[in-house]
Structure formats: structure tokens, C-alpha cells
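>>> sharing a sequence plus its predicted fold:
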Amino acid sequence: MSYCSVPKHNYIQPYSKNPRYWQFNKEPLLLIGGSDDSRLFKWNEADLIKQMDLLISAGGNYVRNIMCMRDKGNIWPFARLSNGQFDLDQWNEEYWQRYENFLKIALERDIIVQIELWDPWDYTDYSIPAWTNSCYNPANNINYTFKESGLIPVVDWYAVGPKADDHPFFHTIYADKDMSVVRYYQERFVEKVMEVSLSYPNVLYCISNETGNDIAWSKYWLDFTRKIADRLRKPAYIGEMLIVLSSSVVTEYGFDFADLSQSASMHYREPESHVGEGHFLSIANEIKKLNSNPAPSNSVKQYGGDLVEWTRGDDEGVERFWRSIFAGQAAVRFHRPDTGLGLNERAQSNIKSLRLVTSHFDLKRVKPHQELEDLFIRRDTNEAYIMAEEGKVYALFFTSSGKEVEVDISALNGNALVRWINPNTAEWLDEQLFIGNSIVLTKPEEGQWAVLITSK
């Protein structure tokens, strides 16, 4: 196993001058990404490099990686014996070599990886027989029986929903359950994940994917992973993603960041709270709760694709992508197909466009839309969103339904340069000079547009 020797201050971590955002190699940066899979470490090397290089060429720097083991053809972390049974006391070296190779390829390109340790969908038989085939299922390993473990043969409900705590796999943390034999192997797995990755400075850790378990599950693994990082004397910044959208993981439970990906999901939420202005307000309200304890918030999976109706389509996916950053989020990534755009051509153009626009901002001073609403002299609901360093640079994003707004730019002292960009082509229009204290901005054409306003 190879290790990287990197000073602690070069690790990905909250930005010292504005902890709403991240810094890497001591420089502040927005995490902007997209990928065609959430389990990239299982790809072959040639395809993985091609995907990473494509992301870099578009201006991206952020991917997701679930330590997942449910999909057909996936390899497993534990060794499989000739009789088909797993031995949880032996590692499958191919799994761990692919994992480290993935981290190395990402680091060579300064791509930040957000790892998720537990995905509840890996332990349910809802859509595919994931639990039936799982290495942790006593029917499939030589290490414990159903009686010894307290586990059950079939899980046929939403493991991430209200019945999450009906699944004994998530009861192992409770002392009165006497499930230490299972917890031992859970801990062994998590410890291995951390030991491989902690020497890589480009890694963030998220305990779960959209968990509906009792928060005690999340807290247990937060404490466990921090102890491993402390023992190895490596930095580790650890977040959580709840299925019920909440920044409370930071404000109440001591996580380092909140993943607010469920802002774009309809599950367990009011019907319109994940689209349009409702989506924006969902994020803005959670970020407001972080004001007393500033910390980054990420959306590692931005839903929205034409192939799955509940995601509300490609246009909504693009608009959620931009709204997340304009609301003050530190990281956003297009979710994999078919519930997101992945890294298709439209995603690439929007990644590039968002990078071009936001590169004009100093993350130490930038303000999100909700802190600048008074600058709008005229604006309709979900028409346009703004972020700015007042008196220096302003950016607006127009949704498909937006047409025209009026904005107070008097802080620019009456002289401004205005430049439009089509986010779906990443092409700029010619720059124009504007003189005045307020500006009426009318979209050049139908569709989504962004505009940059700078001091002359």
C-alpha cells in the first residue's frame, strides 16, 4: 500500500477565512462536478481516467463515491471462497486496490472525492435483491448464523424510509441488542476504508446516503471515524446526509458539514419544496441555520433528468445546480443518470459555465442570493438569482421561466461591464458597457442564461 505524505494544511478542509466554503492546498475553491456513476472506484482504469479527464476538461473538480456493493457485477470487499460463501475475516484485495487507485487518479487531477460509507439501499431487497445477496447476510458468509447475529433473511421495505430502524443491520450500535459479532465486521470494513484513504488529502467523508435511521447510527460512525483519524494523525472532515433535509447534523450533532442533496428530492417533503423557488428556499433556510456555526454545505447529488418523472426533468436539474451555488452551497454535483445529467454534454457545459462565472468571486467576501434580495427592484418568483461581491462583481442566473429583472448596482458608481453567457453552450456574448445606478436585465433569448456584471 502506498501513502501520500501531505501536510495537514493542504488537506481539503473548511476555508479558514470563510468556513461556508472549502479550501484545498490552502486555496479556497468551489466544488463543482458531475459523473456517470456514484461508484467510480469499481470502473476499470482506462474508463475511470477518461471520465476524470472529461470532468477536468469541463472545469469540474468533485465526484461522489459510495462504498457500494449491491449492483450486478460489483466486486466485494471481503474474500469469496470456492463454495461461493464470503469469509469476512479475509479481504478481497482487488476491491481495495481499485479503491486506492481511484483515489490516486483523482488526486493527480486535484479532484475532490466525497466518500459515503453506508448506503441503506445496499441492505434492502426493494428494487434488486441487495440484502439477499449481501456479504453481511448470514446466508452468504461463514462467520455467523442468523441466530448468532440477530439479522433476518429478507428485507423487503425502503431501508431509508420510516421503517429504517426495523432493519437489524442498523441496530448493531445498541449495547442492549447483543449484535457485536456483526458490528465487529462493520467496524473492520470502515476502518479499512479510512486507513486506505486518510493519507489522501482530497477526500471528504459522508457517513450515509439519505439515511432515515435514528441519528444515533450517524453519531456512532462519526465518533468511530474520528477516532481512526486521530489514531493515524490525519485530518478527516465528516458530514452526513439525512433523508429529511436538515443542517442539524452540524448545529446539533457535531458533524463538519451537511449534505443537503435531499433538497432536490420529493421524498417525505411538501410537493413543491424541491422545485423552483421552493428548492432554493429549502437550501437557503438550512444555510441560515448554519450562520451561528458556519460550515460548508454540499449537494453531492443534484437530481433532475428527463428519464425519471419525479426528478422534474433536465431543465430543473440545471436550475437546481445553479441555485445551490447561488444559495451559498460549497459543492454541487450532477447526479448520475437516469435521475441526473451525470457528465453528458449539457452537464459539461453547465459545469464550465458555472466555473467561468464563479471564478470572478473572492470566496472570502461573496454573498448568496438571500443576503442580497433587497438589490432587486423588480423580480418575479423563481425568475432569477443573484450572488455578489457588492461594489465589485455581480452574477445572476435566469431560469427558463425568467424574463426580465431590475437590479440596484449603485455600488458600482454608475459604470458597469455586462456580459451574458449561455450555460448550456458555455458561450459568452459580447461585453457591453452600462452607465447608471440600476440596470434592467432582459434575457437575450429564451432558455437559461447567466450574466456577469463587473466594475468598469
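Received it, and whenever you're ready, just let me know what you need.

>>> surely residue 200 meets residue 107?
Yes. Using C-beta atoms under 8 Å, residue 200 makes contact with residue 107 at a distance of 5.6 Å. Placement of C-beta: from N, CA and C, glycine included.

>>> now the helices for the stretch 51-200 of the chain?
Per DSSP state H, counting those that start in this stretch, the stretch 51-200 of the chain carries helices over the ranges 93-108, 130-133, 146-149, 180-197.

>>> to residue 364, which of those lies closest?
Closest of the helices of the stretch 51-200 of the chain to residue 364 is helix 93-108, at 25.7 Å (criterion: C-beta to C-beta).

>>> so which elements touch that closest one?
Applying 3 or more C-beta pairs under 8 Å, 6 or more residues apart in numbering; DSSP states H and E, one finds that helix 93-108 contacts helix 45-57, strand 112-118, helix 180-197.

>>> distance to residue 18 and mean pLDDT added to those, as JSON lines?
What follows is the helices and strands packed on helix 93-108, written out as JSON lines (distance: least, C-beta to C-beta, whole Å; pLDDT from 0 to 100):
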{"stretch": "helix 45-57", "distance to residue 18": "25", "mean pLDDT": "98"}
{"stretch": "strand 112-118", "distance to residue 18": "17", "mean pLDDT": "97"}
{"stretch": "helix 180-197", "distance to residue 18": "26", "mean pLDDT": "98"}
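
>>> how about those, which one is nearest residue 301?
strand 112-118 (9.7 Å).

>>> what's that closest one packed up against?
Checked by 3+ C-beta pairs under 8 Å, 6+ apart, strand 112-118 has strand 62-66, helix 93-108, helix 180-197, strand 203-208, helix 215-232 packed alongside it.

>>> with distance to residue 446 added, can I get those in TSV?
Listed next are the helices and strands packed on strand 112-118 as TSV, based on distance: least, C-beta to C-beta, whole Å:
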stretch	distance to residue 446
strand 62-66	30
helix 93-108	38
helix 180-197	45
strand 203-208	38
helix 215-232	44
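
>>> so which of the ones you listed comes closest to residue 333?
Nearest of the helices and strands packed on strand 112-118 (C-beta to C-beta): strand 62-66, 5.3 Å.

>>> distance from that closest one to the middle of the chain?
7 Å (C-alpha atoms, centre = their mean, to the nearest Å).

>>> can you tell me how far residue 442 is from residue 419?
14 Å (C-beta to C-beta, to the nearest Å).

>>> out of those two, which sits in the more crowded spot?
Neighbours per residue (other C-beta atoms under 10 Å) separate residue 442 from residue 419, with residue 419 holding more: 15 against 11.

>>> ok, and for the helix or strand of the chain with the lowest mean pLDDT, which residues are buried?
In the chain, no helix or strand scores lower on mean pLDDT, DSSP states H and E than helix 130-133, which sits at a mean of 90. By 16 or more other C-beta atoms under 10 Å, the buried positions in helix 130-133 come out as 130, 131, 133.

>>> any idea how this protein splits into domains?
8-358, 369-455 (automatic domain parsing).

>>> now stretch 202-220: buried residues?
Buried residues in stretch 202-220 (16+ other C-beta under 10 Å): 202-213, 215, 217-220.

>>> swap in stretch 221-232?
Here stretch 221-232 shows 221, 222, 224, 225, 226, 228, 229 as buried, counting by 16+ other C-beta under 10 Å.

>>> what do you get for stretch 424-437?
Buried residues in stretch 424-437 (16+ other C-beta under 10 Å): 424, 426, 434.

>>> what's the answer for stretch 113-133, then?
By neighbour count on 16+ other C-beta under 10 Å, the buried set for stretch 113-133 is 113-126, 130-131, 133.

>>> and what of stretch 357-377?
357, 358, 361, 363, 366, 368, 369, 370, 371, 372, 375, 376.

>>> now stretch 258-271
258, 259, 260, 261, 262, 263, 264, 265, 266, 269.

>>> low-confidence stretches in the stretch 101-250 of the chain?
Along the stretch 101-250 of the chain, segments meeting pLDDT under 70 span 157-165.

>>> ok, 80 please
126-127, 156-166 (pLDDT under 80).

>>> spit out the contact partners of residue 76.
Residues in contact with residue 76 (C-beta atoms under 8 Å, 6 or more residues apart in numbering) are 69, 86, 92, 95, 135.

>>> how near is it to residue 6?
For residue 76, the distance to residue 6 - C-beta to C-beta - is 30 Å.

>>> before we move on, back to that, with the buried residues of stretch 258-271 in mind, which one is nearest to residue 182?
For the buried residues of stretch 258-271, the nearest to residue 182 is residue 259 (26.0 Å; C-beta to C-beta).

>>> got the phi and psi for residue 397?
The phi/psi pair for residue 397 (degrees, to the nearest 10) reads phi -120, psi 120.

>>> ramachandran angles for the residue lying closest to residue 39 once chain neighbours are set aside?
Of all residues not flanking residue 39 in the chain, residue 68 sits nearest, at 4.8 Å (C-beta to C-beta, 6 or more residues apart in numbering). Per-residue torsions, residue 68: phi -90, psi 160 (degrees, to the nearest 10).

>>> redo the buried residues of stretch 357-377 as JSON lines? Include secondary structure, pLDDT and distance to residue 23.
Conversion of those to JSON lines gives the following (DSSP: H, G, I helix; E, B strand; the rest coil; pLDDT from 0 to 100; distance: C-beta to C-beta, whole Å):
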{"residue": "357", "secondary structure": "helix", "pLDDT": "98", "distance to residue 23": "20"}
{"residue": "358", "secondary structure": "helix", "pLDDT": "98", "distance to residue 23": "15"}
{"residue": "361", "secondary structure": "coil", "pLDDT": "97", "distance to residue 23": "14"}
{"residue": "363", "secondary structure": "coil", "pLDDT": "97", "distance to residue 23": "8"}
{"residue": "366", "secondary structure": "coil", "pLDDT": "98", "distance to residue 23": "14"}
{"residue": "368", "secondary structure": "coil", "pLDDT": "98", "distance to residue 23": "18"}
{"residue": "369", "secondary structure": "helix", "pLDDT": "98", "distance to residue 23": "23"}
{"residue": "370", "secondary structure": "helix", "pLDDT": "98", "distance to residue 23": "23"}
{"residue": "371", "secondary structure": "helix", "pLDDT": "97", "distance to residue 23": "21"}
{"residue": "372", "secondary structure": "coil", "pLDDT": "98", "distance to residue 23": "24"}
{"residue": "375", "secondary structure": "helix", "pLDDT": "98", "distance to residue 23": "28"}
{"residue": "376", "secondary structure": "strand", "pLDDT": "98", "distance to residue 23": "31"}
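
>>> quick one: which of the buried residues of stretch 258-271 is nearest residue 314?
Using C-beta to C-beta, the buried residues of stretch 258-271 come closest to residue 314 at residue 264, 13.1 Å.

>>> setting aside sequence neighbours, what's the nearest residue to the closest one?
Leaving aside its chain neighbours, residue 264 sits nearest to residue 303 (4.2 Å; criterion: C-beta to C-beta, 6+ apart).

>>> nothing else from me, thank you.
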